[in-house]
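Enquirer: got a predicted structure plus its sequence, pasted below:
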Amino acid sequence: MSGDATIEPRRGRVALAVALTAGLLLLCCGGGVSVFFLGGLFDEDTDVYGYNCGGGAMVDPRAAKLPRAGQLGDEQMRNAAIIVQVGQQMKVPPRGWVIAVATAMQESRLINVGNLGARNDHDSLGLFQQRPSQGWGTAEQIMDPQYSSRKFYEKLLTIQGWERQALTVAAQRVQRSAYPDAYAQHEPTASLTVNVLTNGGARAAGGAVDLRCVSAGEISASGWTAPVRGKIVSGFRTAGRPTHHGVDIAADKRTQIHAAAAGTVVRMRCDARLNGVSISCDRDGSPQVKGCGWFVDILHAGAVVTRYCHMIQQPAVRLGQSVAAGEVIGLSGSSGNSSGPHVHFEVHLDGDRSSNGAVNPENFMRDAGAPLGEGTS
């Protein structure tokens, strides 16, 4: 198992930023409490207890009081509720709800915007800034949040493989925006908004009315999946290994390793040193070897970075490559600091790939609806 899986401290250049400062209690699919630092996303009126994987909770935008997420106001939450309700009525999988809410956050701040006169972007209107001149409907129709939401979903459902695409890619295929990369920054808050409206729907898989926790190999509505299924054989910063900044997941040699979410490969290299001298990663390592062996770092929405260590050969991805959630990025092995085949997996926040940015992957992945370990969530 990995005894020296850390990489020299280095801060990546991050294009996306999310406030990740204060503590927040979230509940996983199984109901256990974990502390995860996401920062100020709930206000004092939000009841975070009892969240699971959706449980088929149907959204009612007409409710006297809706829960709130982050800094979103009542009007924004009501419009988000309409978007989710339409998705439920159309039996769109919950991943679509997250994409739709994030898109509306970027396009209109979840405000049903009318014609802004000189400040208007051509004839763009409504939650999704759809344009009558481009065939989305009449101005009156587009200003109806239910109509505009339905039109968004209708277009989304025509895109082959949209469920596994990065949110930015799927949203851009619908919207054709001049700023396509901007959608991704809203994915964490959109996932949270869906969670509070549907009792955990962004941590779910399945259909619109039969939400369930994800099974092995599935992608949660928030866009996350376990990189590999196997027993966790060494935990995060345990008493015996306080500098172990990830978890070790048992996996036979040449087990496929999957990208935990859509993102961009920001590092791919061999890191193996014996007595201070670099050695090949195309061989088994040992407890005496230092480093991650063949490893990959992926930057995801919200400035989250994941790391995958000890691959048996050069990874199947290249630097700068965009990967989809669940895409195979390499094969498990025992290169670098390792006493047997496994995958060392790390999660870092704020784009900080040093040990300072590392958080417990078990907590993070459970809250994202893609718990690590064997079997289902």
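Expert: Arrived safely, thanks for sending. Numbers count the residues shown, from 1 in each chain.
Enquirer: show me the shaky parts of this structure.
Expert: 1-52, 54-56, 115-122, 178-180, 207-210, 375-377 (pLDDT under 70).
Enquirer: how about the helices in it?
Expert: 74-89, 94-108, 139-142, 145-156, 167-175, 187-198, 361-367 (DSSP state H).
Enquirer: among those, which is nearest His244?
Expert: Of all these, helix 361-367 sits nearest to His244, with 11.0 Å by C-beta to C-beta. Just so you know, the C-beta spots here come from the backbone N, C-alpha and C atoms, and that holds for glycine as well.
Enquirer: mind giving me the domain ranges of this structure?
Expert: 58-198, 232-367 (automatic domain parsing).
Enquirer: turn those into TSV, including distance to Gly217.
Expert: Formatted as TSV, the domains of the chain follow (distance: least, C-beta to C-beta, whole Å):
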stretch	distance to Gly217
domain 58-198	12
domain 232-367	7
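Enquirer: for Arg229, find the nearest of the helices of the chain.
Expert: Closest among those, once you apply C-beta to C-beta, is helix 361-367, at 12.0 Å.
Enquirer: just checking, what packs against that closest one?
Expert: Packed against helix 361-367, as judged by 3 or more C-beta pairs under 8 Å, 6 or more residues apart in numbering; DSSP states H and E, are the following elements: strand 33-36, strand 342-348.
Enquirer: for stretch 242-253, C-alpha coordinates in PDB please.
Expert: Presented in PDB, the C-alpha positions along stretch 242-253 are these (Å, rounded to 0.1, in the frame of the first residue of the first chain):
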ATOM      1  CA  PRO A 242      -1.000  10.700   9.400                       C
ATOM      2  CA  THR A 243       0.600  11.800   6.100                       C
ATOM      3  CA  HIS A 244      -1.600   9.500   3.900                       C
ATOM      4  CA  HIS A 245      -3.600  12.100   2.000                       C
ATOM      5  CA  GLY A 246      -5.900   9.800   0.200                       C
ATOM      6  CA  VAL A 247      -7.400   6.300   0.500                       C
ATOM      7  CA  ASP A 248      -6.100   3.000  -0.900                       C
ATOM      8  CA  ILE A 249      -8.700   0.800  -2.800                       C
ATOM      9  CA  ALA A 250      -7.800  -2.800  -3.400                       C
ATOM     10  CA  ALA A 251      -7.800  -3.700  -7.100                       C
ATOM     11  CA  ASP A 252      -6.200  -6.500  -9.000                       C
ATOM     12  CA  LYS A 253      -3.600  -5.600 -11.600                       C
END
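Enquirer: list the buried residues in it.
Expert: His244, His245, Gly246, Val247, Asp248, Ile249, Ala250, Ala251 (16 or more other C-beta atoms under 10 Å).
Enquirer: correct me if wrong: the fourth one contacts Leu372.
Expert: The reference is to Val247. Yes - the pair Val247 and Leu372 qualifies as a contact (C-beta atoms under 8 Å) at a distance of 6.5 Å.
Enquirer: now for these two: what residues contact both?
Expert: The contact sets of Val247 and Leu372 overlap at Ile232, Phe345, Pro361, Glu362 (C-beta atoms under 8 Å, 6 or more residues apart in numbering).
Enquirer: am I right that Gly126 is in contact with Pro145?
Expert: Yes - with contacts counted by C-beta under 8 Å, Gly126 reaches Pro145, the gap being 7.1 Å.
Enquirer: who has more neighbours out of those two?
Expert: Shown here are Gly126 and Pro145; by other C-beta atoms under 10 Å, Gly126 has more neighbours (28 against 23).
Enquirer: isn't Ala370 right up against Val228?
Expert: No - with contacts defined as C-beta under 8 Å, Ala370 does not count as touching Val228, sitting 11.5 Å away.
Enquirer: which of those two has more neighbours?
Expert: Ala370 (27 against 19).
Enquirer: which residue packs closest to the more buried one, ignoring adjacent ones?
Expert: Spatial nearest neighbour of Ala370, chain neighbours left out: Trp224 (4.0 Å); criterion: C-beta to C-beta, 6 or more residues apart in numbering.
Enquirer: got it, and Ala139?
Expert: Ala139's closest residue in space is Pro132 (C-beta to C-beta, 6+ apart), at 5.3 Å.
Enquirer: what's near enough to touch the one you found?
Expert: Pro132 neighbours (C-beta under 8 Å, 6+ apart): Asp123, Leu125, Thr138, Ala139, Ile142.
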